[in-house]
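# Fold the following and give me the result.
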Amino acid sequence: MPLNPRTLGLGRLVYQVYHRPIGWFSRMRAEGGPLEQYRTASGRRAMTAAARTLPLPPTGTGAPLALHLLTGRRFWDQTAFCLWTLARHTGRPLAPVIYDDGSLAAEHREPLARLFPSTRFVARAETVARLDQHLPAGKFPFLRERWLNYPNLRKLIDPHVGTGGWKLVIDSDLLFFRRPDAVVDWLDRPVRPLHAVDCETSYGYSRPLMDELAGAPVADLVNVGLTGLDGAALDWERLESWCRVLITRERTNYYLEQALIAMLVAGRDCTILPASDYVTLPVEPEAAACRAVMHHYVAGSKRWYFRSNWRRALAT
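Model (predicted):
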């Protein structure tokens, strides 16, 4: 029987009682065991404290750079460091647009607003109002169900729904160590989609199905840690159809957002950030040397972020 959004609750139950415990054990093993996890957690606590007292970034000159980020109580400190390191190395003022996942409190917003007074916080209620207007649940049941239960999809939906124009959406778990010339150039003159390069192809769905739906071969290694898209060009009915087919045929998957964006840019001329400069999942020796322009700390590389590299970013 085909799946529909109402039956997806069973999938969440299976995740909680089976996949989540297995994932917890696998993550513990990948992170070196309990002692190594403790050291990483201790480093993160120090980083969170430092995020509250970051010095003001250089004022910068030129037109402000607009960045769009989804964040919340668990990630605001990484958002602060991401934006702070970007401002420090671009020499440009920033105008961040931060989409509240529903958990931001004043204690999280205030440090961000202190660092970047031009920040605009988009409340969850504002986003839901735009969703109700432009993606009503009766017409877009799969997108709305996934928006509610799969926060990653909000990075695609929240900045673009009901709006037009090019926007650069970035993850919070990035640190910049050099001037990101390619990113700045794109922000100043966006004419084509932009994306980063992954350490391995991770879409979660079969390539023949993705190619069929996209109408063009889907490229390898698309990573959405930095994604530039034109909201006016997004066909939400098509995205709803893609979600419906992918989930119905091959179930839900953690990488759905990345799969959808890879399909959106399939066959298109894109600005692809050089993998040697914009490193996803840094490993030694680069994880310790920090010679690249940027690190995206996914999966097991987070230990480098929390133990040492936020400190290195402060001194770089």
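# so how many other residues sit close to Ala137?
Neighbourhood size, Ala137 [other C-beta atoms under 10 Å]: 15. C-beta coordinates here come from the backbone N, C-alpha and C atoms, glycine included.
# residues in contact with the nearest residue to it once chain neighbours are set aside?
Excluding the flanking residues, the one nearest Ala137 by C-beta to C-beta, 6 or more residues apart in numbering is Arg144, at 4.3 Å. Taking C-beta atoms under 8 Å, 6 or more residues apart in numbering, we find Arg144 in contact with 5, 131, 135-137.
# List just the nearest of those residues to Arg124.
Using C-beta to C-beta, Leu131 comes nearest to Arg124 of the contacts of Arg144, at 10.2 Å.
# OK, contacts around the closest one?
For Leu131, the contact set (C-beta under 8 Å, 6+ apart) comprises 144, 147, 157, 161.
# Out of those residues, which sit inside helices?
144, 147, 157 (DSSP state H).
# Tell me the most packed of the contacts of Leu131, by neighbour count.
Ile157 (25 neighbours).
# what's near enough to touch that one?
Contacts for Ile157 (C-beta under 8 Å, 6+ apart) come out as 131, 135, 143, 147.
# of the residues you listed, closest to Pro64?
Once C-beta to C-beta is applied, the member of the contacts of Ile157 that ends up nearest Pro64 is Leu131, at 27.3 Å.
# center of this structure - which residue?
Most central in the chain under C-alpha atoms, centre = their mean is Asp171, positioned 3.3 Å from the mean C-alpha point.
# now, which of the contacts of Arg144 lie within helices?
When these are checked against helices (DSSP H), the matches are Leu131.
# how about Tyr203, what does it touch?
By C-beta under 8 Å, 6+ apart, the neighbours of Tyr203 are 210, 218, 222, 255, 258-259, 262.
# I should have written Glu237 there, sorry.
Phe140.
# Kindly reformat the contacts of Tyr203 as CSV containing secondary structure, neighbour count and distance to Leu70.
Compiled in CSV, the contacts of Tyr203 are given as follows (DSSP: H, G, I helix; E, B strand; the rest coil; neighbours: other C-beta atoms under 10 Å; distance: C-beta to C-beta, whole Å):
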residue, secondary structure, neighbour count, distance to Leu70
Met210, helix, 23, 24
Val218, coil, 23, 24
Val222, strand, 25, 19
Tyr255, coil, 16, 17
Gln258, helix, 25, 15
Ala259, helix, 26, 18
Ala262, helix, 26, 19
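# Identify the farthest-apart pair in those.
Using C-beta to C-beta, the pair of the contacts of Tyr203 lying farthest apart is Val218 and Tyr255, separated by 12.3 Å.
# Looking at the ones in helices among the contacts of Leu131, which one is closest to Arg311?
Arg311 lies nearest to Ile157 out of the ones in helices among the contacts of Leu131, by C-beta to C-beta, at 34.8 Å.
# helix, strand or coil for Gln133?
Recorded secondary structure, Gln133: helix (DSSP: H, G, I helix; E, B strand; the rest coil).
# quick one: pLDDT of it?
We note a pLDDT of 98 for Gln133 in this prediction.
# contacting residues around the closest residue to it other than its chain neighbours?
With sequence-adjacent residues excluded and distances taken as C-beta to C-beta, 6+ apart, Gln133 is closest to Gly162, at 6.4 Å. Residues near Gly162 by C-beta under 8 Å, 6+ apart: 130, 133-134.
# Just the buried ones from these, in ChimeraX syntax?
In ChimeraX syntax, the buried subset of the contacts of Gly162 is picked out as below (16 or more other C-beta atoms under 10 Å):
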select :130
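# Reformat the contacts of Gly162 as JSON lines; add distance to Arg268.
Shown next, in JSON lines, are the contacts of Gly162 (distance: C-beta to C-beta, whole Å):
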{"residue": "Arg130", "distance to Arg268": "26"}
{"residue": "Gln133", "distance to Arg268": "28"}
{"residue": "His134", "distance to Arg268": "23"}
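# any idea which of the contacts of Gly162 is closest to Leu83?
Arg130 (23.7 Å).
# Once you drop chain neighbours, what's closest to the closest one?
With C-beta to C-beta, 6+ apart as the criterion, Arg130 has its nearest non-adjacent residue at 4.4 Å, and that residue is Gly162.
# Ala125 versus the one you found, what's the distance?
14 Å (C-beta to C-beta, to the nearest Å).
# quick one: least confident helix or strand in this protein?
helix 20-30 (a mean of 56; mean pLDDT, DSSP states H and E).
# Would you mind identifying the next helix or strand past that one?
Later in the chain than helix 20-30, the nearest helix or strand by DSSP states H and E is helix 34-51.
# This completes my enquiry, with thanks.
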